[in-house]
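Peer 1: okay, predicted coordinates and the sequence, questions at the end:
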Amino acid sequence: MQLPTLEFVKNKSAEIKQAVNYEFTSEDIDKIVAQKERFHKHPVNYAMHKARLMKERDAALTNGDEARFENLMKFTITFCKLLIIF
């Protein structure tokens, strides 16, 4: 097995320092949350999920996307009914 070169170690050290000092943006966090949600069959935080649905529904209404608004409205109502059952 060959030992790493001094330049390799310096590059890795610089990469680690950059990673430690990285500041996550809202987009980064949204991507991480979306990726984690893909593996859950049900939302972990129902209140947050409901709030997100309502926010998307309101955005669709504001943008004039009536089809998306109707779909989100039906889904939100169904979701809220499920919350009452559980």
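Peer 2: Looks like it arrived, so ask away.

Peer 1: only C-alpha atoms for contact and neighbour calcs from this point on.
Peer 2: Fine.

Peer 1: tell me the mean pLDDT over the helix or strand where residue 15 lies?
Peer 2: Taking DSSP states H and E as the definition, residue 15 sits inside helix 6-20. What helix 6-20 shows for mean pLDDT is 96.

Peer 1: so which elements touch the helix or strand of the chain at the bottom of the mean pLDDT ranking?
Peer 2: Ranked by mean pLDDT, DSSP states H and E, the weakest helix or strand in the chain is helix 66-85, scoring a mean of 79. On a contact count with 3 or more Cα pairs under 8 Å, 6 or more residues apart in numbering; DSSP states H and E, helix 66-85 meets helix 46-63.

Peer 1: quick check: angle from the helix it packs on to helix 66-85?
Peer 2: Interaxial angle, helix 46-63 versus helix 66-85 (axes from the mean of the first three to the mean of the last three Cα atoms, to 10 degrees): 160 degrees.

Peer 1: quick one: mean pLDDT over helix 46-63.
Peer 2: For helix 46-63, the mean per-residue pLDDT is 84.

Peer 1: tell me the buried residues in it?
Peer 2: Within helix 46-63, the residues that count as buried by 16 or more other Cα atoms under 10 Å are 50, 53, 54, 56, 57, 60.

Peer 1: touching stretch 53-71 from outside, list them.
Peer 2: Applying Cα atoms under 8 Å, 6 or more residues apart in numbering, the contact partners of stretch 53-71 are 72, 73, 76.

Peer 1: distance check, the second one against residue 57.
Peer 2: Going back to what we said before, that points to residue 73. Separation of residue 73 from residue 57 (Cα to Cα, to the nearest Å): 7 Å.
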